[in-house]
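> Predicted structure and sequence below. I'll ask about it afterward.
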Amino acid sequence: MEKSGLTYRFAFVMVLIFYLVTIGIGYVHFNNLVTNEQTEILIGKRLVHLVLIKFKKDILPDDFQKITDGAYSLQQIEGVFDLNFRENVSPEGLEQGFSHSLTMKFPTAKDRDSIYLPHPVHQKFVKLFVPFTTDVLVYDYWE
């Protein structure tokens, strides 16, 4: 009789271990699913880089065309998507002198920070562009 009591205890301990391991594996797997779902949500997001520009009043049409061409040359940089260089058309009168915007999207902050910002094409554009401005406002956000 003692031997069968020991066998039942051993079986109980084994079943208990089995259930604890099963629950542990389920917990880890569930957390990975949540993490993967969160990652998939982030994959669909884009980092929007918005630059508002006040140009000097005496900018020549040829210089403005060089700036426009330079702005669109930024599209060749890896990670730059949906680039637009546009003039403000708001009728509200709240532009505070900002007449143009340059917007683009990046898949990750790393694409903006490590690829775009130090890229020679971007650096060349900044050297061309900044002397013709009186003010620049940069605003980035996740969409």
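Perfect, thanks for sending it.

> show me where pLDDT drops low in the chain?
Flagging of the chain using pLDDT under 70 yields the residue ranges 1-4, 29-43.

> and with 90 instead?
For the chain, residues meeting the criterion pLDDT under 90 lie at 1-44.

> can you give me the strands in it?
Ranges of strands in the chain, per DSSP state E, are 47-55, 81-87, 100-106, 133-142.

> Would you reformat these as a markdown table and include distance to residue 63?
Bear in mind the C-beta positions are built from the backbone N, C-alpha and C, glycine included. Below are those laid out as a markdown table (distance: least, Cβ to Cβ, whole Å):
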| stretch | distance to residue 63 |
| --- | --- |
| strand 47-55 | 9 |
| strand 81-87 | 14 |
| strand 100-106 | 13 |
| strand 133-142 | 11 |
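
> Among those, which comes closest to residue 13?
Nearest to residue 13 among those is strand 133-142 (50.7 Å), distances taken as Cβ to Cβ.
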